[in-house]
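Undergrad: just the structure for this:
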Amino acid sequence: DENEDNDVTDDNEEYNGSLWYDTSINITDEFSISVPDVFKDHTSDYRYHYGYKSGNGTFDNCIVSFSGLHGYSSADNLLHQMQLYYADFDSEGVTPVIKNRINNLNWYSFSYTGSFYTTYYHGVTKDNKVYLLEYEIDEDAGDSCASYRQQILNSIEKR
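TA: Numbers count the residues shown, from 1 in each chain. Predicted coordinates:
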């Protein structure tokens, strides 16, 4: 499917620090994802959600969630807005948005590092809807948590 770049941009789509998840989307019908067994599955119909605690300290969570968003039709637009929003608070903790093509999907990604964690945001557009993979690595989570991020992203495929 080559129309992944045909994002429809609505000028009214404005990121203001909060996201609304679209609970009308059954994400398990839209995408498949493969997550290592170390993660506990807290998935619902509208959201893939997994996590584990490494046991390395207070801030030792490794959390991944993937869901459809309400009110956005362009992952490119949303991720750039989010990146600018976080850069306003802490320009040194934010990376630029990059684009990668994985499994015939165009992903837009950036990361934000706060006091005790780093969150990686990966957005993709499918059928004029935006889906967001959020991957949080707490500072004590350990190297294995970081190594799983790309593996999980690479596993996501359209159904």
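Undergrad: what's the neighbour count on the residue lying closest to Val130 once chain neighbours are set aside?
TA: Once flanking residues are discounted, Val130 sits nearest to Tyr72: 4.0 Å by CB to CB, 6 or more residues apart in numbering. In this view, the C-beta of every residue, glycine as well, is placed from N, C-alpha and C. Using other CB atoms under 10 Å, Tyr72 has 27 neighbouring residues.
Undergrad: for Tyr72, give me its contacts.
TA: Asp10, Glu13, Leu78, Lys129, Val130 (CB atoms under 8 Å, 6 or more residues apart in numbering).
Undergrad: just to check, the fourth one is in contact with Ser67?
TA: Read that as Lys129. No - applying CB atoms under 8 Å as the test, Lys129 and Ser67 come out as separate, 10.7 Å apart.
Undergrad: who touches both of those two?
TA: Asp22, Ile25.
Undergrad: quick one: which of the two has more around it?
TA: Using other CB under 10 Å as the criterion, Lys129 and Ser67 rank with Ser67 on top: 21 against 18.
Undergrad: could you check which helix or strand contains the more buried one?
TA: Ser67 is part of strand 61-68 when elements are defined by DSSP states H and E.
Undergrad: helices or strands up against whichever helix or strand comes after that strand?
TA: Once the chain leaves strand 61-68, the next helix or strand it forms, by DSSP H and E, is helix 75-89. Applying 3 or more CB pairs under 8 Å, 6 or more residues apart in numbering; DSSP states H and E, one finds that helix 75-89 contacts strand 105-113, strand 117-126, strand 129-138.
Undergrad: go with 10 Å
TA: strand 98-102, strand 105-113, strand 117-126, strand 129-138 (3 or more CB pairs under 10 Å, 6 or more residues apart in numbering; DSSP states H and E).
Undergrad: tell me how many other residues surround the closest residue to Tyr85 other than its chain neighbours.
TA: Using CB to CB, 6+ apart and skipping residues adjacent in sequence, the residue nearest Tyr85 is Tyr15, 5.7 Å away. Per other CB under 10 Å, the neighbour tally for Tyr15 reads 19.
Undergrad: also the one 10 residues further on?
TA: Per other CB under 10 Å, the neighbour tally for Ile25 reads 20.
Undergrad: how near is Glu139 to Gln83?
TA: 21 Å (CB to CB, to the nearest Å).
Undergrad: meant to ask about Tyr121, not that
TA: From Tyr121 to Gln83 the distance is 8 Å (CB to CB).
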